[in-house]
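J.: A predicted structure for the sequence below; I have some questions about it.
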Amino acid sequence: MGPLRIGFFYGIIAVVVALAADLRFLFLDPREVPDWILTAIEGFRVQLALTATLFLAILAAIRTRPTRVDPGVPYRSLVLRDCVLAATLVAAMVGFVLFVATTLNATLFADEIRAYAREAAPSIVAYNEKVAGRLDDPPPLPTVSEVKEDLQPPVPRDLGRSIANFVLRALVAGTAGALVGVIRGRAGPSDGPKPREG
């Protein structure tokens, strides 16, 4: 499968994961979700989404096969080009969708996020206090107001940060795709079907 098709396929999966993490307040009710699950979601959702994007970008680079040959261009260069393209496409799709989601969160969904923050913050603090009670020397814990502040909707300046993250995500995924391409290029065309002319 060519880099655009495979990149789009894995990009769709990455977009679903990223949206689930970013728009969690639309389908999670903090009053019904166990406090430890809620705390884990809020503590690791960004890392999980980034890890999923990088993993799917690498998977796209591994699965792609050169389908277009440029005369005189060695296989190593072809597979490097297509691996970078497939991986970067995954990250670009996620970055674009998250920019749109950030815009919506700052405007249309701002009230829903504030309501989610009001309900989620006490549960998160209660779980943190429960865990800290088992420690001999617990670290300082954030207050309900501090947790609530962290869960507030994005502000206009976060749109610029979203664009910067878009670029950074694409660079990291492209670099990972390039590493996959280098490794596959050393293995030669025997790791998959030979590219077709045209």
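T.: Looks like it came in fine.

J.: Tell me which residues of the helix-or-strand element of the chain with minimal mean pLDDT come out buried.
T.: Counting by mean pLDDT, DSSP states H and E, the chain has its least confident helix or strand at helix 157-187, which shows a mean of 90. For helix 157-187, the neighbour count (16 or more other C-beta atoms under 10 Å) marks 162, 165-166, 169-170, 172-174, 176-181, 184-185 as buried. The C-beta positions use only the backbone N, C-alpha and C, and glycine is treated the same way.

J.: Closest one of these to V46?
T.: Of all the buried residues of helix 157-187, N165 has the smallest distance to V46: 10.0 Å, by C-beta to C-beta.

J.: do you know how far the residue nearest to that closest one when sequence neighbours are not counted is from D111?
T.: Sequence neighbours aside, G95 is the residue nearest to N165 in space, at 6.9 Å (criterion: C-beta to C-beta, 6 or more residues apart in numbering). Per C-beta to C-beta, to the nearest Å, G95 is found 26 Å from D111.

J.: D158 now?
T.: Taking C-beta to C-beta as the measure, D158 falls 17 Å from D111.

J.: How is D137 assigned, secondary-structure-wise?
T.: Of the three states, D137 takes coil according to DSSP: H, G, I helix; E, B strand; the rest coil.

J.: residue boundaries of the strands in the protein?
T.: Assigned by DSSP state E, the chain shows no strands.

J.: Under the pLDDT cut-off, which ranges of it? List them.
T.: Residue ranges of the chain with pLDDT under 70: 188-198.

J.: rerun that using 80 as the cut-off
T.: 1, 67-73, 156, 187-198 (pLDDT under 80).

J.: List the buried residues in stretch 34-41.
T.: D35, L38, T39, I41.
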